[in-house]
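Engineer: Would you be able to build a 3D model of this:
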Amino acid sequence: MSEKSTDTGARLKIQARIMLDEEIAFGPGKADLLDAIAATGSISSAGKQLGMSYRRTWLLVDSMNRCFQKPLVETATGGAHGGGTRLTEDGVDVLKRYRQLQADIQQLSTQHFPEFKPLLRKKPLPSSR
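Structural biologist: Alright, predicted model coming up:
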């Protein structure tokens, strides 16, 4: 997501979402979830860190793993060394590419948004409804 604020209260908000048919294969929330999984080694802990339910985190992981040719996240069940969750090589790669996409979008918005600033009001007019 890219958001540029100005003294008029105006901002440019751009969110990159990678769609596969009607499903969001990857976007800002899923990128944040992968970051949290990489940091915590746990889907549960990652969800808590992001304020998401355990079910929601699992649904997002499942969606990513179904949309990409290879899984982005893999889990290991408990045992002598306990379970855990980690990003696959593809998961690390997709996250890296997505963060670069976000950086590129931010750079473009910084370049182009000032062209709109002089065209905007300080505040919106009241609604006519």
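Engineer: pLDDT weak spots in the protein?
Structural biologist: Along the chain, segments meeting pLDDT under 70 span 1-8, 78-82.
Engineer: can you pull out the strands in this protein?
Structural biologist: Secondary structure of the chain (DSSP state E): strands at 2-5, 11-14, 18-20, 23-26, 73-76, 84-87.
Engineer: Mind giving me the packing neighbours of the longest helix anywhere in the chain?
Structural biologist: For the chain, the helix reaching the highest residue count under DSSP state H is reported as helix 89-112. The contact analysis (3 or more C-beta pairs under 8 Å, 6 or more residues apart in numbering; DSSP states H and E) places helix 89-112 against strand 2-5, strand 11-14, helix 28-40. Glycine gets a C-beta too; all of them are placed from N, C-alpha and C.
Engineer: In a markdown table, list these along with mean neighbour count.
Structural biologist: Shown next, in a markdown table, are the helices and strands packed on helix 89-112 (neighbours: other C-beta atoms under 10 Å):
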| stretch | mean neighbour count |
| --- | --- |
| strand 2-5 | 15 |
| strand 11-14 | 14 |
| helix 28-40 | 19 |
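Engineer: residues in contact with Ala103?
Structural biologist: Shown in contact with Ala103 (C-beta atoms under 8 Å, 6 or more residues apart in numbering): no residues.
Engineer: hmm, back to that, so can I have JSON lines of the strands of the chain showing distance to Leu60?
Structural biologist: JSON lines is the format used below for these (distance: least, C-beta to C-beta, whole Å):
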{"stretch": "strand 2-5", "distance to Leu60": "22"}
{"stretch": "strand 11-14", "distance to Leu60": "21"}
{"stretch": "strand 18-20", "distance to Leu60": "13"}
{"stretch": "strand 23-26", "distance to Leu60": "9"}
{"stretch": "strand 73-76", "distance to Leu60": "9"}
{"stretch": "strand 84-87", "distance to Leu60": "12"}
